[in-house]
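Asks: Need coordinates for the following:
(one chain, ligands or ions: 2)
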Amino acid sequence: MAKNNTRIAVIGAGSWGTALAMVLASKGYTVPLWGHDTSHIESIRKKGENTRYLPGLSLSKNIIPTEDIDKAVRGYDVICMVVPSHGFRKVYEKVILSLKDGASVVSAVKGIENDTLMTMTQVMEDVRNRLTPEKTIHTAVLSGPSFAKEVAEKIPTAITMGCKRLDIAVMLQQLFVTETFRVYASTDVIGLEISAALKNIVAVAAGICDGLGYGLNTRAALITRGLAEITRLGVAMGAEPATFSGLSGLGDLVLTCTGSLSRNRTVGLKLGQGLQLDDIVSEMKMVAEGVKTTRSGYELSRKIGIEMPILEQIYAILYQGKNCSDAVRDLLKRELKVE
Ligand SMILES: NC(=O)C1=CN([C@@H]2O[C@H](COP(=O)(O)OP(=O)(O)OC[C@H]3O[C@@H](n4cnc5c(N)ncnc54)[C@H](OP(=O)(O)O)[C@@H]3O)[C@@H](O)[C@H]2O)C=CC1
Ligand SMILES: O=C(CO)COP(=O)(O)O
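Replies: Ligands and ions are numbered 1, 2, ... in the order given. Presented below is the predicted three-dimensional model:
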């Protein structure tokens, strides 16, 4: 668990980027924390606290807030990308220009890009092929049940680091692990990314059912059947089935479908209570990735030809104006099946 000479920076000064910077800073690493909003970065620098996203938690002096992306990236060995999926590509296009050959880039983001239907490691590969094909860059993904606030408060958490090269996954595992932040290694990058992105949609569904006043039976059914459909899609994309019963699969699904800290579950809860999506989203200061991923997940499932009944109903609610109760009724009256 000891610190080594690796230089690591975090790109994205929201709740999760800040919490991950706190994990690394607690090990003694000096961590640049990049954010795109100069006034927000200035506020973090002055107050020693991210009052917008993690209020009440003092930041270590080892965290260096910066709005200068080149300064945050140039010469660093490992970059942790924590910019929401809708802004990820644009930021990475800047990051890659300053990235050193042989660096590792970890995506801690849970989403699928709209329009391209790419996961974040696929976006990174696409950007590299276009902008710096001569560079070798190791892409990785960090995923699992981990509310930023709890991680920042050092509440015991377990999570998975995935990289197609196991030696790199193990190097990154050792870099992030602390006494309260246990990191497993995996080589199933696509499995981790698909489970991470799609659990957010099931969390919206769980919130809707709670908002409608349904009970624990409903939630347990959603978690179980949600996992079945996420697994079907992931396996069709080349993932290992076992990944979906791991931390990034079942683990994160349980957390976000049941935890009151989940932004995606909160969106669903308010929809179930009758609020309009636009009003819910415009009042939230944090990102709920499941809203955009419902669109890309839906298009991906149709492209690959995988039946995903829960996802289809959430898509109809969010993007076709379907009534929440009608969606639940239509799920229940589907043709009977063998489990
Ligand atoms: N929070 C959590 O518990 C966890 C989150 N994640 C994932 O981490 C990712 C980041 O989420 P999280 O940190 O929670 O989000 P937050 O909503 O807490 O923060 C988002 C951050 O990204 C910035 N941002 C928004 N749009 C852009 C853009 N286009 N370019 C650059 N920066 C931008 C925001 O800046 P501004 O303030 O100016 O809007 C803010 O600093 C998501 O994919 C999420 O699913 C994963 C595990 C846990
Ligand atoms: O992914 C998360 C925890 O693992 C956070 O979930 P929300 O984005 O729904 O808050």
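Asks: Check what contacts the helix or strand in which Val183 is found and list those residues.
Replies: Assessed by DSSP states H and E, Val183 sits inside strand 181-186. The contact list for strand 181-186 (CB atoms under 8 Å, 6 or more residues apart in numbering) reads 23, 142, 144, 151, 156-163, 166, 169-170, 172-173, 176-177, 192, 243, 246-247. From N, CA and C alone the C-beta is placed, and that goes for glycine too.
Asks: and the top helix by length along the chain, anywhere near ligand 1?
Replies: Counting by DSSP state H, the longest helix found in the chain is helix 189-211. No: for helix 189-211, no contact with ligand 1 is found by CB under 6 Å from any ligand atom; the gap never falls below 6.8 Å.
Asks: Please tell me how far that helix is from the chain's geometric centre.
Replies: When C-alpha coordinates are averaged (CA atoms, centre = their mean, to the nearest Å), helix 189-211 and its chain have centres 10 Å apart.
Asks: Give the rounded mean pLDDT of it.
Replies: In this model, helix 189-211 has an average pLDDT of 98.
Asks: by how many degrees do that helix and strand 181-186 diverge?
Replies: Going by axes from the mean of the first three to the mean of the last three CA atoms, to 10 degrees, helix 189-211 is angled at 130 degrees with respect to strand 181-186.
Asks: After helix 189-211, which helix or strand is next?
Replies: Going down the chain from helix 189-211, the next helix or strand is helix 216-236, by DSSP H and E.
Asks: Does whichever residue of the stretch 1-150 of the chain sits closest to ligand 2 belong to a helix, a strand or coil?
Replies: Per CB to the nearest ligand atom, the residue of the stretch 1-150 of the chain with the smallest distance to ligand 2 is Ser146, at 4.5 Å. Of the three states, Ser146 takes coil according to DSSP: H, G, I helix; E, B strand; the rest coil.
Asks: List the residues that contact it.
Replies: Trp16, Thr157, Ile159, Asp252, Leu255.
Asks: From these, list the ones also adjacent to ligand 1.
Replies: Near ligand 1, judged by CB under 6 Å from any ligand atom, the entries from the contacts of Ser146 are Trp16.
Asks: Ligand 1: which of the contacts of Ser146 is nearest?
Replies: The closest of these, once distances to ligand 1 are taken by CB to the nearest ligand atom, is Trp16, at 3.5 Å.
Asks: picking that back up, now the strand holding Val183: average pLDDT?
Replies: Averaged over strand 181-186, pLDDT sits at 98.
Asks: Does it reach ligand 2?
Replies: No: using CB under 6 Å from any ligand atom, strand 181-186 stays clear of ligand 2, with a minimum separation of 12.9 Å.
Asks: That strand and ligand 1, are they touching?
Replies: No: figure legend: strand 181-186 not in contact with ligand 1 (CB under 6 Å from any ligand atom); closest approach 12.3 Å.
Asks: Sheet partners, orientation included, of that strand?
Replies: Sheet pairing for strand 181-186, assigned by DSSP bridges, gives strand 157-163 (parallel).
Asks: what comes up buried for the partner strand?
Replies: Buried residues in strand 157-163, counting neighbours by 16 or more other CB atoms under 10 Å, are found at Thr157, Ile159, Thr160, Met161, Gly162, Cys163.
Asks: Can you give the distance from it to the centre of its chain?
Replies: Computed by CA atoms, centre = their mean, the chain-centroid distance of strand 157-163 equals 12 Å.
Asks: need the next SSE after it, C-terminal direction.
Replies: Past strand 157-163, further along toward the C-terminus, the next helix or strand under DSSP H and E is helix 166-176.
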